[in-house]
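**Q** When you get a sec, could you give me coordinates for this:
(one chain, ligands or ions: 1)
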Amino acid sequence: MLNKSQIDAHNEKGLAKHKKGFDYVSGIIPDAEGIIKKLTDFQVAIPSWALGSGGTRFGRFSGGGEPSTLEEKMEDIGLLHQLNRSSGAVSLHIPWDIPTDAKAIKSLAADFDLKFDAMNSNTFQDQKDQKLSYKFGSMQHVDKGVRQQAVDHNIEVIKYGQELGSNSLTVWLADGSSFPGQLNFRNAFNNTLESLQSIYSALPDDWKIFVEYKAFEPNFYSTTVGDWGQSLLYANKLGEKAYTLVDLGHHLPNANIEQIVSLLLNERKLGGFHFNDSKYGDDDLTVGSIKPYQLFLIFKELVEGMDARGLNHATDLGWMIDASHNIKDPLEDLLQSVEAINLAYAQALLVDSKALNEAQLNNDVAGAQEILQDAYRTDLRPVLAEARLREGAALSPLGLFREQKIRQQLIGKRGEKTVATGL
Ligand SMILES: [Mn+2]
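**A** Below is the predicted model:
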């Protein structure tokens, strides 16, 4: 962990330059203070599986100093939160990160000022000592015993979450088929619905369940929760505690994700969000690294849709990064991702929605584009830095991470050859 004087020294060094930038931008935008307030409240959850190096099916290149226990993962997230004061939540995956001593984990979270975001279940791989296999699906399975095993696992995940103070469950299913004729689409859908209903009936009153969809992979012919339409069908049939979860990487190429987001909010059925970026499919790259303009357009719809429904930006939806860090330092990658999310959010807050509405009513197409791009092209990075400065975080989180040689410190403490649990 960093101490306050290290952060202060870093900020002192960059203060003069920061002040120039902030004075300039706060002088040309209408409400810098309003954006700072919203940025301060907005927290992005870090998943417990993102602290180590990810991999592809071709290989995994461990970076060293990876956290090997849940406690060490919490330490890493605590460090991120210290650097940016924007990653104040953790999203746990069961069974990769079972909190065997919930009380101790809770108090550790309190030390780092972290909350527990959505719990994630796993019926996409077989665990040691597991009775039945998920090779041919879990909740869709033709065998009732397999379906029940998947339901029981999810109920167990809810119980872990209750002990920690979480209040939502994310269900992502790998269920589907890889070849035509392998399964009956309607039976697979109905089995999955019945399984989800069993979980839903075990859901505490103040909990939400998020049904995450994905277009393809690991199955390549059909996916049983394959798109937002299928997810919305499940969510509507389940009831008011059920919502669709959008993962940016889970669409077919060129899908208009901003429109999907807008309509789901209109239906009051958008519950959670997984951030990442991609060029082709579920590439799980750093948020904002490939298509930052699309990220801004999505945030513009999120802000407008949440405002139209009277939702609290910070607390009414679950915000999480879901990415895989294959060649970058996972902590550096996460710092970049949080920064990209906050920047897109701030840009969306800057959009002159009144002027845009007028342009739309007048079919002023060029005018509408100008309004959006004016917000997108205003450099709000000094506003983000100012929000961090006021919260006692670093002017440059990545800069301080490197100045303090934190990865080298972690390698010194944990060793070169550590491997975090996960895929
Ligand atoms: Mn996801």
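**Q** ok, now which ones touch the residue most central in space within the chain?
**A** Per CA atoms, centre = their mean, the C-alpha nearest to the average position across the chain is that of residue 320, at 1.8 Å. Residue 320 makes contacts with 44-47, 89, 91, 117-118, 272-275, as judged by CB atoms under 8 Å, 6 or more residues apart in numbering. (Each C-beta comes from the backbone N, C-alpha and C, glycine too.)
**Q** Let's see that with 7 Å instead.
**A** For residue 320, the residues meeting the contact criterion (CB atoms under 7 Å, 6 or more residues apart in numbering) are 44-45, 47, 91, 117-118, 272-274.
**Q** So is the helix or strand where it lies next to the ion?
**A** Secondary-structure assignment from DSSP states H and E places residue 320 in strand 318-321. No. Where contact is defined by CB under 5 Å from the ion, no part of strand 318-321 touches the ion; the two come within 7.7 Å at best.
**Q** counting contacts, what elements does the helix or strand just after that strand pack onto?
**A** Elements were assigned by DSSP H and E; along the chain past strand 318-321, the next helix or strand is helix 330-350. Helix 330-350 makes packing contacts with helix 32-41, helix 70-84, helix 292-308, helix 365-376, helix 381-390, helix 397-403 when contacts are defined by 3 or more CB pairs under 7 Å, 6 or more residues apart in numbering; DSSP states H and E.
**Q** Please settle this for me: is residue 154 part of a helix?
**A** Yes. The assignment for residue 154 by DSSP: H, G, I helix; E, B strand; the rest coil puts it in a helix.
**Q** show me where pLDDT drops low in the protein?
**A** Judged by pLDDT under 70, the chain has its weakly predicted residues at 421-423.
**Q** Show me the strands in it, by range?
**A** 45-47, 55-56, 59-60, 89-91, 115-116, 119-120, 168-172, 176-177, 208-212, 222-223, 242-247, 270-275, 318-321 (DSSP state E).
**Q** For the stretch 251-400 of the chain, what lies in contact range of the ion?
**A** For the stretch 251-400 of the chain, the residues found near the ion under the criterion CB under 5 Å from the ion are 274, 322.
**Q** circling back: and of the helices and strands packed on helix 330-350, who's closest to residue 188?
**A** Between residue 188 and those, the shortest gap by CB to CB is with helix 292-308, which sits at 29.9 Å.
**Q** Alpha carbons of the closest one, as CSV, please.
**A** Output of helix 292-308 as CSV, limited to C-alpha atoms (Å, rounded to 0.1, in the frame of the first residue of the first chain):
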residue,chain,number,x,y,z
PRO,A,292,-13.3,5.2,-27.5
TYR,A,293,-15.9,7.1,-29.6
GLN,A,294,-18.3,4.1,-29.3
LEU,A,295,-17.7,4.0,-25.6
PHE,A,296,-18.6,7.7,-25.4
LEU,A,297,-21.8,7.1,-27.5
ILE,A,298,-22.8,4.2,-25.1
PHE,A,299,-22.2,6.4,-22.1
LYS,A,300,-24.3,9.1,-23.7
GLU,A,301,-27.2,6.7,-23.9
LEU,A,302,-26.5,5.4,-20.4
VAL,A,303,-26.7,8.9,-18.9
GLU,A,304,-29.7,10.0,-21.0
GLY,A,305,-31.6,6.7,-20.3
MET,A,306,-30.8,6.7,-16.6
ASP,A,307,-31.9,10.3,-16.2
ALA,A,308,-35.1,9.6,-18.1
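**Q** got the angle for that helix vs strand 242-247?
**A** Computed by axes from the mean of the first three to the mean of the last three CA atoms, to 10 degrees, the angle separating helix 292-308 from strand 242-247 equals 160 degrees.
**Q** re the thing from before, would TSV of the strands of the chain with distance to residue 106 be doable?
**A** Putting these into TSV (distance: least, CB to CB, whole Å) gives the following:
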stretch	distance to residue 106
strand 45-47	16
strand 55-56	31
strand 59-60	31
strand 89-91	11
strand 115-116	8
strand 119-120	14
strand 168-172	17
strand 176-177	37
strand 208-212	20
strand 222-223	36
strand 242-247	25
strand 270-275	22
strand 318-321	19
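**Q** about what we covered before: export the helices and strands packed on helix 330-350 to TSV and tack on distance to residue 339 and mean neighbour count?
**A** As requested, those are arranged in TSV below (distance: least, CB to CB, whole Å; neighbours: other CB atoms under 10 Å):
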stretch	distance to residue 339	mean neighbour count
helix 32-41	11	17
helix 70-84	7	23
helix 292-308	11	20
helix 365-376	16	15
helix 381-390	7	22
helix 397-403	7	19
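**Q** Could you dump the ones you listed into CSV and include distance to residue 158?
**A** Output for the helices and strands packed on helix 330-350, formatted as CSV (distance: least, CB to CB, whole Å):
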stretch, distance to residue 158
helix 32-41, 27
helix 70-84, 18
helix 292-308, 26
helix 365-376, 40
helix 381-390, 34
helix 397-403, 34
